[in-house]
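K.L.:
Build me a model from this:
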Amino acid sequence: MTRDAVYVTTTHGKIYALTADTGAQQWEIPVKTGDKAAKPFTALTFSGGSIFVGSFDNQLKAIDPTNNQLRSSDLPKDAKLEKWSFTAQDAIVGAPAVDGTRLYVGSSDRNVYAIDATKGEKIWSFSTGNWVWATPTVAGNRIYVGSMDHNLYCLDAATGELKWKYAANGAIPAQAVLQDGVLYFGALDGKVYAVDAERGEKVWEFQTGNWVWSEPVIFEGAVIATSIDHMVYSLDARTGAKNWVYDAGSPVRAGAALADKTVYIVTESSTTGQVVALDAAQGQRQWSKVMAKGLLTTPVVAGDVLYVVDLDGRVAALKLSDGMELWTFAPPK
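P.N.:
Numbering: from 1, shown residues only. As a prediction, this is how the structure comes out:
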């Protein structure tokens with residue numbers, strides 16, 4: 001998102017731009033859908049004035065959100081809305097990481113790609129042993145990225161050369177977070193890992209009760225991670241010792257968002273979902289709000305507003321202080 005707009009993708013093959021203050025729709029892509037059902041877009045990244053977004057049609061697209069054609073309700077069939085498009089050999093699930101004029105992105109074709117951000121041309125690729133759904137982490141001349149083959153890879157950012165790999169005991173579906181020379185990430189063996197970023201050696205591991213699908217957040221020397229076991233964990237970043245645990249009552253697949261001294265989490269269930277604000281230091285609930293559907297997407301904080309998206313693609317803007325709903329947007333059916 002930007003200061004003025006919220007960008008959201010849906011499983012119906014749409015991208016919407018919404019006015020941040022009101023939720024009013026600015027534009028959608030594609031404006032028209034033909035007889036053939038559109039493939040879903042996946043996670044997006046906004047950087048340098050462009051939207052970079054992957055999809056299940058194997059494409060990574062660069063879109064200029066200021067393109068006046070986006071606001072037209074009657075686009076010609078040959079309208080060119082994207083700056084460029086890069087084609088992988090399978091779906092692009094995770095959001096790309098942007099570093100200057102380069103993008104780094106994984107694909108279900110098992111590869112990690114470095115792509116020129118201005119032209120969409122491949123610079124290099126690196127092959128792993130399974131799908132790559134995680135967003136890479138860029139730090140200086142290295143990138144770190146997990147694969148569903150259970151390995152966390154450290155690659156040379158310029159060449160794609162392998163520096164080291166660390167073998168976890170489960171698939172790694174989400175981004176690793178780098179703090180003070182240590183990488184923190186979750187895996188589908190139910191563990192949270194801490195790995196030395198220079199050498200690729202384990203610092204500690206912590207076992208939760210079920211899969212850890214999303215990236216953790218760091219708060220004042222603590223690693224805060226969510227799990228399908230319904231729990232939110234605060235762990236000592238140096239040792240992995242447990243600081244506190246909060247029982248959300250439902251699976252927590254999405255990652256947490258952090259603002260000031262509060263951590264925000266969302267839950268899923270077969271019916272409703274929930275948004276919960278927790279004191280990051282103690283794990284005490286500050287407020288919670290029941291939502292009509294479950295939530296699988298990590299919430300986003302901008303200013304004093306929390307943005308959440310439910311399983312129907314409905315976007316809600318909530319006040320950080322108390323969860324009061326400011327506006328909602330429901331994608332047209």
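K.L.:
Asp247 pairs with what?
P.N.:
Legend: beta-bridge partners of Asp247 under DSSP bridges are Met231.
K.L.:
Apologies, that question was intended for Leu60.
P.N.:
Gly54, Phe86.
K.L.:
if I look at it, how far off is Lys165?
P.N.:
24 Å (CB to CB, to the nearest Å). Every C-beta, even on glycine, is put in place using the N, C-alpha and C of the backbone.
K.L.:
Those two: who's more crowded?
P.N.:
For Leu60 versus Lys165, neighbours defined as other CB atoms under 10 Å are more numerous around Leu60 (23 against 16).
K.L.:
how about Leu70, secondary structure?
P.N.:
Following DSSP: H, G, I helix; E, B strand; the rest coil, Leu70 is assigned to helix.
K.L.:
For it, give me its contacts.
P.N.:
Taking CB atoms under 8 Å, 6 or more residues apart in numbering, we find Leu70 in contact with Ala17, Gln26, Trp27, Ile29, Leu81.
K.L.:
Look at the closest residue to the fourth one other than its chain neighbours and say how many residues are nearby.
P.N.:
Pointing back at Ile29 there. Spatial nearest neighbour of Ile29, chain neighbours left out: Ile15 (4.5 Å); criterion: CB to CB, 6 or more residues apart in numbering. By other CB under 10 Å, the residues close to Ile15 number 22.
K.L.:
Next: Ala43.
P.N.:
Residues lying near Ala43 (other CB under 10 Å) number 18.
K.L.:
Please compute how far the helix or strand it falls within lies from its chain's middle.
P.N.:
Using DSSP states H and E, Ala43 sits in strand 41-47. Relative to its chain's centre, strand 41-47 lies at 8 Å (CA atoms, centre = their mean, to the nearest Å).
K.L.:
For it, output the C-alpha coordinates as CSV.
P.N.:
Included here for strand 41-47 are C-alpha records, laid out as CSV according to Å, rounded to 0.1, in the frame of the first residue of the first chain:
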residue,chain,number,x,y,z
PHE,A,41,-3.2,-13.2,-8.3
THR,A,42,-1.0,-13.9,-5.3
ALA,A,43,1.0,-11.7,-2.9
LEU,A,44,2.2,-8.3,-4.2
THR,A,45,4.9,-5.8,-3.4
PHE,A,46,4.8,-2.1,-3.9
SER,A,47,8.2,-0.4,-4.5
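K.L.:
any weak-confidence spans in the stretch 201-333 of the chain?
P.N.:
The model of the stretch 201-333 of the chain has no residue with pLDDT under 70.
K.L.:
90 instead, please
P.N.:
269-272, 293, 296, 311-313, 331-333 (pLDDT under 90).
K.L.:
can you give me the helices in the stretch 101-250 of the chain?
P.N.:
Ranges of helices within the stretch 101-250 of the chain: none, based on DSSP state H, counting those that start in this stretch.
K.L.:
Name the nearest residue to Asp312, sequence neighbours excluded.
P.N.:
Using CB to CB, 6+ apart, the nearest residue to Asp312 is Lys293, at 5.2 Å.
K.L.:
List the residues that contact the one you found.
P.N.:
Per CB under 8 Å, 6+ apart, neighbours of Lys293: Thr272, Gly273, Asp310, Leu311, Asp312, Arg314.
K.L.:
at 6 Å instead, please
P.N.:
Contact analysis of Lys293 by CB atoms under 6 Å, 6 or more residues apart in numbering lists Gly273, Asp310, Leu311, Asp312.
K.L.:
can I assume it sits in a helix?
P.N.:
No: Lys293 is assigned coil when assessed by three-state DSSP, not a helix.
K.L.:
Can you give me the buried ones in stretch 124-144?
P.N.:
Buried positions in stretch 124-144, judged by neighbour count with 16 or more other CB atoms under 10 Å: 124, 126, 128, 131-138, 142-144.
K.L.:
which two from those end up farthest apart in space?
P.N.:
Trp131 and Arg142 (21.8 Å; CB to CB).
K.L.:
how many other residues sit next to the residue lying closest to Gly100 once chain neighbours are set aside?
P.N.:
Nearest residue to Gly100, sequence neighbours excluded (CB to CB, 6+ apart): Ala117, at 7.6 Å. By the criterion of other CB under 10 Å, Ala117 has 22 neighbours.
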